[in-house]
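1. got a sequence here, can you model it:
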Amino acid sequence: MKKFTIKANKYVDRDVTGYYNCDYVGYQKQGNPDFINRLKNMSKQYSETDLVEDFVTVCEKLSNDLKSIVQKENFSRVVICIIPRSKTDKSYSQSQLMFKKAVSSVADNLGFKNGINAIKRVKNTKTTHNWRLENNTGDDPYVGITIDTCEINKNTIKDANIILVDDIYTEGVFVAEDCIQTLFDFGAKDVILYCIAKTRS
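-> Next up is the predicted model:
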């Protein structure tokens with residue numbers, strides 16, 4: 001696991017610590033974590049059965065890394081949240097929600113508060129990863145897009161130390177930053193971003 005810093009910008013008003021498990025170098029390129037692409041498949045080409053191995057891989061990485069982050073950051077009252085997909089959950093098949101299910105399962109197994117629905121997409125936005133192009137309608141990221149397109153559970157967020165989980169972090173996209181600022185605006189004590197993979201700068 002590697003550590004990085006998200007610098008304050010127009011989307012987030014303070015520096016934020018991030019962690020990621022591995023580098024994202026491009027789908028089907030040597031050493032790339034392609035299991036992420038499969039687990040969040042956009043074109044519904046995989047069934048839940050097809051994705052069992054990838055589900056287990058993500059659960060193992062999440063479990064090890066989240067425990068390590070809590071120790072490193074000396075966190076208490078930990079809530080695990082997730083950056084919602086660009087579309088509402090009902091827009092996806094059950095096999096396309098396997099990443100969310102993995103995060104939920106690990107949060108429960110580790111005894112952390114499960115906040116995977118604390119930020120819930122209710123209005124579709126544009127998919128930002130260029131390999132996910134099916135039905136790609138909605139707004140591009142802008143300041144405040146999380147507030148405008150999601151329901152926020154303030155009771156889950158207020159005064160909590162939050163680990164905000166996503167699949168892939170890419171600098172310059174700003175979806176994560178806008179989610180982080182939303183958590184702070186709703187009273188989070190601290191927010192750490194954790195991603196399975198980070199696109200190389």
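
2. identify the bridge partners of the residue nearest to the spatial centre of the chain.
-> Among the residues of the chain, the one closest to the centroid is Asp166, at 1.8 Å (Cα atoms, centre = their mean). Note on Asp166: beta-bridge partners by DSSP bridges are Cys195.

3. next one: it from Ser47, what distance?
-> To Ser47, Asp166 is 24 Å away according to Cβ to Cβ, to the nearest Å. In short, each C-beta sits where N, CA and C put it, glycine included.

4. how far does the helix or strand containing Lys100 sit from its chain's centre?
-> Lys100 belongs to helix 98-110 when assigned by DSSP states H and E. Offset of helix 98-110 from its chain centre (Cα atoms, centre = their mean, to the nearest Å): 12 Å.

5. kindly report the same for stretch 12-22.
-> Using Cα atoms, centre = their mean, the mean C-alpha position of stretch 12-22 is found 12 Å from that of the whole chain.

6. before we move on, what about stretch 5-25?
-> With Cα atoms, centre = their mean as the basis, stretch 5-25 stands 12 Å off its chain's centre.

7. same check, this time on stretch 174-183
-> 11 Å.

8. would you mind writing the CA trace of it as CSV?
-> This file holds the C-alpha atoms of stretch 174-183, laid out as CSV (Å, rounded to 0.1, in the frame of the first residue of the first chain):
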residue,chain,number,x,y,z
PHE,A,174,-12.1,15.6,-9.0
VAL,A,175,-15.1,13.2,-8.3
ALA,A,176,-13.2,12.0,-5.1
GLU,A,177,-12.3,15.5,-4.1
ASP,A,178,-15.9,16.7,-4.4
CYS,A,179,-17.1,13.7,-2.3
ILE,A,180,-14.5,14.4,0.3
GLN,A,181,-15.5,18.1,0.6
THR,A,182,-19.2,17.0,1.0
LEU,A,183,-18.2,14.7,3.9
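
9. buried ones in it?
-> Of the residues in stretch 174-183, Phe174, Val175, Ala176, Glu177, Asp178, Cys179, Ile180, Gln181, Thr182, Leu183 count as buried by neighbour count, 16 or more other Cβ atoms under 10 Å.

10. the second one touches Ile83, doesn't it?
-> Yes. Because the distance of 6.4 Å satisfies Cβ atoms under 8 Å, Val175 is recorded as touching Ile83.

11. now the top helix by length along the chain against helix 98-110, angle please.
-> Using DSSP state H, we find that the single longest helix of the chain is helix 52-73. Orientation of helix 52-73 against helix 98-110 (axes from the mean of the first three to the mean of the last three Cα atoms, to 10 degrees) gives an angle of 50 degrees.

12. what packs against the helix or strand following helix 52-73?
-> Once the chain leaves helix 52-73, the next helix or strand it forms, by DSSP H and E, is strand 78-82. Contact analysis of strand 78-82 by 3 or more Cβ pairs under 8 Å, 6 or more residues apart in numbering; DSSP states H and E lists helix 98-110, strand 113-115, helix 154-157, strand 161-169 as its packing neighbours.

13. where does the chain have low pLDDT?
-> Counting by pLDDT under 70, the chain has low-confidence residues at 42-43, 127-140.

14. which residue of it lies farthest from its centroid?
-> Distance from the centre of the chain peaks at Gln30, with 23.7 Å (Cα atoms, centre = their mean).
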